[in-house]
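Participant: Okay, structure incoming, though there's no sequence with it:
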C-alpha cells in the first residue's frame, strides 16, 4: 500500500509540474508580462521541489526519514496552492484563464498531494508501531 501511495504522490507532483506548463498554464505572454505568468513560474518551481521530495520517498527506506519527507511535503504543497491569487495576484478580470483554469487546477492538485502525504504519514506511523 505504501508503494502505491508513493507512486500516486509522485504522479500527482509530476502532473502539477507538467500541467502548469502544458495544460492549465496561465494567460499567454504577449507584449506585457502579466503577474499570472510569474505565478505560473513559481508554481512550476515549487512543483519541481515536490517531485524531488516524492522521488526521495522511493529511495529512502527508513520510516522516520520517509515520514519527515511527507511532513515537509505538506507545507510546500499548501504554499504552492496559495501562490496563484494570494502570494502573487492574478489578472484583474475574473474570467481570465489564470482565474478559471490555472488557480482551481493548482488548488485541486495540491489538496490531493497533501491528502496523499497525510496517508503516507499514517502508513509510516503504523509501520513504526508494529516494530
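Facilitator: Sure, I can see it. Note that this is a predicted model, so its numbers are computed, not measured.
Participant: can you pull up the bridge partners for the residue lying closest to residue 103 once chain neighbours are set aside?
Facilitator: Take residue 103 and drop its neighbours on the chain: the residue closest to it by CB to CB, 6 or more residues apart in numbering is residue 84, 4.5 Å away. C-beta coordinates here come from the backbone N, C-alpha and C atoms, glycine included. Note on residue 84: beta-bridge partners by DSSP bridges are residue 88.
Participant: Could you count how many residues lie near residue 84?
Facilitator: 27 (other CB atoms under 10 Å).
Participant: mind checking how far it is from residue 28?
Facilitator: Noted for residue 84: a distance of 16 Å to residue 28, by CB to CB, to the nearest Å.
Participant: Contacts for the lowest-mean-pLDDT helix or strand in the chain, please.
Facilitator: Across the helices and strands of the chain, the lowest-confidence element by mean pLDDT, DSSP states H and E is helix 97, at a mean of 86. Contact with helix 97 is made by 25-27, 36, as judged by CB atoms under 8 Å, 6 or more residues apart in numbering.
Participant: Most neighbours among those residues, which one?
Facilitator: Most crowded among the contacts of helix 97, counting by other CB under 10 Å, is residue 26 at 26 neighbours.
Participant: That one is in contact with residue 36, isn't it?
Facilitator: Yes. Using CB atoms under 8 Å as the test, residue 26 is close enough to residue 36 to be in contact (3.9 Å).
Participant: what is in contact with the two at once?
Facilitator: A shared contact of residue 26 and residue 36, defined by CB under 8 Å, 6+ apart, is any residue touching both; here these are 84, 90, 97-98, 102.
Participant: tell me the contacts of residue 36?
Facilitator: By CB under 8 Å, 6+ apart, the contact list for residue 36 reads 26-27, 84, 88, 90-91, 96-98, 102.
Participant: scratch that, residue 45 is what I was asking about
Facilitator: Applying CB under 8 Å, 6+ apart to residue 45 gives no contacts.
Participant: packing partners for the longest helix belonging to the chain?
Facilitator: The helix that spans the most residues within the chain, counting by DSSP state H, is helix 103-130. Packed against helix 103-130, as judged by 3 or more CB pairs under 8 Å, 6 or more residues apart in numbering; DSSP states H and E, are the following elements: helix 2-22, helix 35-59, helix 63-82.
Participant: Fine, thanks again, bye for now.
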